[in-house]
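K.L.:
got a structure for you, letters missing:
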Ligand code: FAD
Ligand code: NAD
């Protein structure tokens, strides 16, 4: 599309109509380079679309790579090594003479270098797939034109046949909390503290609170978790929350479930958190840091959605249909900015789905089979329906459960906490849900997802030969346990 500017209006000395350079036109423009956006861009490049990716920050990868999945796992791994060295190696006959020490500064620096390498990898993939990357805030000037405003320098407007909004999410807070980013912090600041808190008060017993709480607990902080509902990780099968509470308490966590936070104040280095139970009992906690981890909110600021006519729901999420198409037919939205789990792999699948649809393919996502993982140790992983969901939906189910303590592999590595629970249809034996807490649950859940994608029965899993000794044998045993309690080793 050609673009003309009536320069005469601006400067009468140039009383002619100057043709601007041709506006760049793309088949697909993606706004936001998180796992939703950058994966969509790669798939679009693979399928031969002329593709542009707009990212407001200088590094690609979004929340996940910069301040989410990757840096949190880097710190979880480092702190796990420290904990093993300082507490668990002796039991394996390994003696460390002298005190095991850590440097938080070095841990954070290692995390930063992991992030840097990972983000650089995405940049390379953009080049490889011939995706044009624009750095700046993308905002609609019409349903088919997007203006890019960089931090410095000139704005540029590009033309898009199709646009994918992949602008993700930001940490949510509570209306009465002022996040000062020093002592009252979100996950972003918690990933780069300069000191280990003495007492870290975590508001929210969800994924972020527990993962980052465990990092600092291992490094010596007292960690208190205040959770509104009556269980931690309340959206997962309740059996997992109960087991994780037990294990984390042994590790030193304090939990205040059933407490609604009402006030958070800071005086100097002290943060005071006040919460009440449903019976009106008051809890007052004092600490030196408070991590607010009460969820994330969809992020659409600066997009100028009104100009494009794109609608949002009452929670600020871009409304999409089953094809992830907004009410404006050439504009799609994916990832944290739309309904559903706020997970990197969900965003990735959605990015691929939109692009493949535009290529005339017929992709499909089964939202029931998107696994959820908490990377504490023991890890927690789930797929399908929980017992609570099945009960609420009035669906009959049978249960097979197998404890890791009965597994040779778990005893060999001294990782005996946890279990595998399989829920199956009592009539057809189809697996309805798999819930794991224990060592390596994050990787093991893939077997359950695969089985359920193929609508396996518990008997199917029970008949598959699992290598011995492995943690995955617990999945086979739990499957056996769903029918006449046929588990071999319990
Ligand atoms: P995002 O990753 O949020 O990316 C959106 C991008 O859009 C950002 O880079 C943003 O700068 C950019 N943007 C926004 N507006 C504009 C604009 N107008 N113009 C240009 N660019 C714009 N999920 C997991 O699955 N596993 C995990 O282990 C995990 N760990 C996490 C740990 C933490 C501490 C946090 C905070 C999150 C974690 N998540 C995890 C969640 C995961 O990070 C998100 O679900 C995922 O990043 C969502 O991807 P997205 O592409 O939708 O958006
Ligand atoms: P979350 O939804 O997992 O947990 C928030 C918790 O805060 C809930 O348990 C909720 O009941 C509680 N809460 C809400 N209001 C409260 C109040 N007033 N007082 C006390 N507790 C209160 O959210 P999160 O942990 O902030 O994580 C945000 C998102 O990031 C999640 O959707 C998650 O999917 C994603 N994430 C995923 C991973 C992972 O996959 N491993 C890791 C980190 C983050």
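P.N.:
Happy to help now that I have it. Being a predicted model, the structure only gives us computed values, none of them experimental. Numbers count the residues shown, from 1 in each chain. Ligands and ions are numbered 1, 2, ... in the order given.
K.L.:
which residues of the stretch 351-490 of the chain lie near ligand 1?
P.N.:
For the stretch 351-490 of the chain, the contact set with ligand 1 under C-beta under 6 Å from any ligand atom comprises residue 375. In this view, the C-beta of every residue, glycine as well, is placed from N, C-alpha and C.
K.L.:
8 Å instead, please
P.N.:
Applying C-beta under 8 Å from any ligand atom, we find that the stretch 351-490 of the chain lies next to ligand 1 at 351, 373, 375.
K.L.:
Throw those into TSV and include secondary structure, pLDDT and distance to residue 477, thanks.
P.N.:
Formatted as TSV, those follow (DSSP: H, G, I helix; E, B strand; the rest coil; pLDDT from 0 to 100; distance: C-beta to C-beta, whole Å):
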residue	secondary structure	pLDDT	distance to residue 477
351	helix	98	37
373	strand	98	21
375	coil	98	24
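K.L.:
which one of those residues sits in the busiest neighbourhood?
P.N.:
For those, the largest number of neighbours (other C-beta atoms under 10 Å) sits with residue 351, at 28 neighbours.
K.L.:
ok, the nearest residue to that one once chain neighbours are set aside to residue 333 distance?
P.N.:
By the measure of C-beta to C-beta, 6 or more residues apart in numbering, the closest residue to residue 351 outside its immediate chain neighbours is residue 40, 3.1 Å from it. Per C-beta to C-beta, to the nearest Å, residue 40 is found 11 Å from residue 333.
K.L.:
neighbour count for those two, which is higher?
P.N.:
residue 40 (34 against 29).
K.L.:
state the distance from the residue nearest to residue 165 when sequence neighbours are not counted to residue 123.
P.N.:
Nearest residue to residue 165 in three dimensions, chain neighbours excluded: residue 333, at 4.1 Å (C-beta to C-beta, 6+ apart). According to C-beta to C-beta, residue 333 and residue 123 sit 24 Å apart.
K.L.:
please apply the same query to residue 208.
P.N.:
Applying C-beta to C-beta to residue 208 and residue 123 gives a distance of 27 Å.
K.L.:
and for residue 95?
P.N.:
45 Å.
K.L.:
looking at those two, which has the bigger crowd around it?
P.N.:
Legend: neighbour count by other C-beta under 10 Å for residue 95 and residue 123, higher for residue 123 (16 against 7).
K.L.:
surely the more buried one meets residue 60?
P.N.:
Yes. With contact defined as C-beta atoms under 8 Å, residue 123 counts as touching residue 60 (5.6 Å).
K.L.:
which residues are in contact with both of those two?
P.N.:
Counting by C-beta atoms under 8 Å, 6 or more residues apart in numbering, the contacts common to residue 123 and residue 60 are residue 133.
K.L.:
which secondary structure elements does the helix or strand hosting residue 255 sit against?
P.N.:
Element membership of residue 255 [criterion: DSSP states H and E] is strand 254-256. Where contact means 3 or more C-beta pairs under 8 Å, 6 or more residues apart in numbering; DSSP states H and E, strand 254-256 is packed against strand 222-226, helix 238-250.
K.L.:
of all these, which one is nearest ligand 2?
P.N.:
Between ligand 2 and the helices and strands packed on strand 254-256, the tightest spacing by C-beta to the nearest ligand atom is seen for strand 222-226, at 5.2 Å.
K.L.:
contact partners of the host helix or strand of the residue nearest to residue 351?
P.N.:
When elements are assigned from DSSP H and E, residue 40 belongs to helix 35-46. Contacts to helix 35-46, defined as C-beta under 8 Å, 6+ apart, come from residues 27-28, 30-31, 33, 51, 53, 55, 60-62, 64-65, 122, 125-126, 128-131, 164, 166, 168, 334-336, 344-345, 347-348, 350-352, 354-356, 358.
K.L.:
ok now that helix, how far from the chain's centre?
P.N.:
18 Å (C-alpha atoms, centre = their mean, to the nearest Å).
K.L.:
do it and ligand 1 meet?
P.N.:
Yes. Helix 35-46 lies within reach of ligand 1 by C-beta under 8 Å from any ligand atom, at 35-38.
K.L.:
is that helix in proximity to ligand 2?
P.N.:
No. Helix 35-46 lies out of reach of ligand 2 by C-beta under 8 Å from any ligand atom, never closer than 11.4 Å.
K.L.:
identify whichever of the helices and strands packed on strand 254-256 lies nearest to residue 319.
P.N.:
Closest approach to residue 319 among these (C-beta to C-beta): helix 238-250, 31.3 Å.
K.L.:
quick one: residue 85 and residue 98 touch, right?
P.N.:
No. Look at residue 85 against residue 98 with C-beta under 8 Å: they stay out of range, at 11.3 Å.
K.L.:
between those two, which one's more packed in?
P.N.:
residue 85 (15 against 5).
K.L.:
checking my notes, that one in a strand, right?
P.N.:
No. With DSSP: H, G, I helix; E, B strand; the rest coil as the criterion, residue 85 is assigned helix and is not in a strand.
K.L.:
how far away is it from ligand 1?
P.N.:
24 Å (C-beta to the nearest ligand atom, to the nearest Å).
K.L.:
from residue 215, how far out is that residue?
P.N.:
In terms of C-beta to C-beta, residue 85 sits 15 Å off from residue 215.
K.L.:
cool, residue 106 as well?
P.N.:
Taken as C-beta to C-beta, the span from residue 106 to residue 215 is 14 Å.
K.L.:
higher neighbour count, these two?
P.N.:
Set residue 106 next to residue 215 and count neighbours by other C-beta under 10 Å: residue 215 wins out with 26 against 10.
K.L.:
ok, and what's touching stretch 448-458?
P.N.:
Under C-beta under 8 Å, 6+ apart, the answer for stretch 448-458 is 366, 369, 371, 383-384, 400, 422, 424, 428-431, 434, 436, 460-461, 475, 479-480, 482-483.
K.L.:
now do the end-to-end distance for that stretch.
P.N.:
10 Å (C-alpha to C-alpha, to the nearest Å).
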